[in-house]
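Q: This is a predicted model, with the sequence first.
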Amino acid sequence: MRALAFAVLRELSHERFVSGQALGERLGVSRSAISQALKEVAAQHVRIFSLSRRGYRLAEPLELLEVENIHRELGDRAHRLDIEVLDEVASTNTLLLQRMAHGLPSGKCLVAELQTGGRGRRGRSWQSVLGGSLTFSLLWRFDRGAAALGGVSLLTGLAVVRAMHTLGIPDVGVKWPNDVVARGKKLAGILIETQGDMLGPTAAVMGVGINVRLPEALQSAIDQPIIDVQSLLLRPVSRHALLAAVLREWVGLLDRFTQGGFALIREEWLACNVLQHQPILVRQGDGTSFEAVAVGIASDGALMVEVEGRTVLLNSAEISVRPAES
Ligand code: BTN
């Protein structure tokens, strides 16, 4: 979407109509440029009412993200982070990985209003929608070697779950390694990309995508069962409040991890694990699968399962788990 379309969107409101002429005057462009920009906005699943002689109004309230509002919600944790909100980017993870090469310190956070090429685990794509998703990535540096970073993806999932709990969003839990789920469906996804060697220092770009309010059309186009925050809550949720809550919990958990590794967080993670003590189906990178029971988590973040009386540790980026069919 072009910069003009974002500018038009920022001028639109849910409460009152604004005429095409007024939009053109405010933004210093022609009426036809405004019409074109409105089409671009509508193509992003943003519903706009139009009435002749009155102009345009958003069908639903839309909260565009502002750094100042995120800072206000973050309170005393704001100084730990350098947050930048981008109108549009292919992938916040990809951009942050590129920028990381230039020596950025821990705490750089890129947030995208519109992410057009979101990447997921195992080569999948991540779908999001303007105004109805949260897509953001955080850079953090560690003294530990790459092998110790397994717990980072788990602590990120826990940060999202904690944040949802503080906002009263019910039924939310983690599923190994780093999905956030509710009512058996995916609510948020996490993609961790690390750089560094076995002995350290290392850096991680940690990306989170949260389904806040996804249009039906997009939900049905996604090839796995998903759910959004809006369907778990009867009241609207502020994306600013949710993003700030995740960032606040994340910084707290990263500090704990830096002090004592994943072992300090393990019990809390297990308490939020939706598959704990459940029969599961483990799918391996080569497409084969086997049944097991999820029994715990190792201090490096590996999933501990029981298979035919033996305890096995699973710790590969290629592995995924789901509840076994009963
Ligand atoms: C998954 O569940 O497969 C992981 C999804 C991760 C999506 C987020 S959105 C922000 C960040 N940028 C990306 O391209 N991906 C992550």
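A: Yes, it's here.

Q: beta partners of residue 208?
A: residue 136, residue 190 (DSSP bridges).

Q: if I read this right, it contacts residue 156, doesn't it?
A: Yes: using CB atoms under 8 Å, residue 208 makes contact with residue 156 at a distance of 6.6 Å. C-beta: built from backbone N, CA, C; applies to glycine.

Q: between those two, what contacts are shared?
A: Counting by CB atoms under 8 Å, 6 or more residues apart in numbering, the contacts common to residue 208 and residue 156 are residue 190.

Q: Is there a neighbour count for residue 241? I'd like the number.
A: If you count neighbours by other CB atoms under 10 Å, residue 241 ends up with 17.

Q: Can you tell me the element it falls in?
A: helix 239-260 (DSSP states H and E).

Q: Give the rounded mean pLDDT of that helix.
A: The average pLDDT for helix 239-260 rounds to 96.

Q: Give me the contact list for the helix or strand following that helix.
A: For helix 239-260, the following helix or strand on the C-terminal side (DSSP H and E) is helix 266-271. Residues from elsewhere that reach helix 266-271, judged by CB under 8 Å, 6+ apart: 154, 155, 157, 158, 174, 262, 276, 296, 297, 299.

Q: Let me see the ranges of the strands in the stretch 1-150 of the chain.
A: 48-51, 55-58, 82-89, 108-115, 133-142 (DSSP state E, counting those that start in this stretch).

Q: which residues touch residue 80?
A: For residue 80, counting by CB under 8 Å, 6+ apart, the contacting residues are 107, 251.

Q: Which residues of the stretch 51-200 of the chain lie near the ligand?
A: 91-93, 118-121, 124, 126, 135-137, 189-191 (CB under 6 Å from any ligand atom).

Q: Recalculate using a threshold of 5 Å.
A: Within the stretch 51-200 of the chain, the residues that sit near the ligand (CB under 5 Å from any ligand atom) are 91, 92, 93, 118, 119, 120, 121, 126, 135, 189, 191.

Q: Of those, grab the buried ones for ChimeraX.
A: In ChimeraX, a selection of the buried entries from these looks like this (16 or more other CB atoms under 10 Å):
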select :91,92,93,118,119,121,126,135,189,191
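
Q: any chance of the residues of the stretch 51-200 of the chain next to the ligand in a markdown table, with pLDDT too?
A: Shown next, in a markdown table, are those (pLDDT from 0 to 100):
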| residue | pLDDT |
| --- | --- |
| 91 | 98 |
| 92 | 98 |
| 93 | 98 |
| 118 | 97 |
| 119 | 97 |
| 120 | 94 |
| 121 | 89 |
| 126 | 96 |
| 135 | 98 |
| 189 | 96 |
| 191 | 96 |
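
Q: Just to be sure, which of the residues of the stretch 51-200 of the chain next to the ligand are found in helices?
A: Using DSSP state H, 92, 93 are the members of those that sit in helices.

Q: Distance check, the closest residue to residue 44 other than its chain neighbours against residue 275.
A: Nearest residue to residue 44, sequence neighbours excluded (CB to CB, 6 or more residues apart in numbering): residue 130, at 4.3 Å. According to CB to CB, to the nearest Å, residue 130 stands 33 Å off from residue 275.

Q: what is residue 202 paired to in the beta sheet?
A: Residues in beta-bridge contact with residue 202 (DSSP bridges): residue 142, residue 196.
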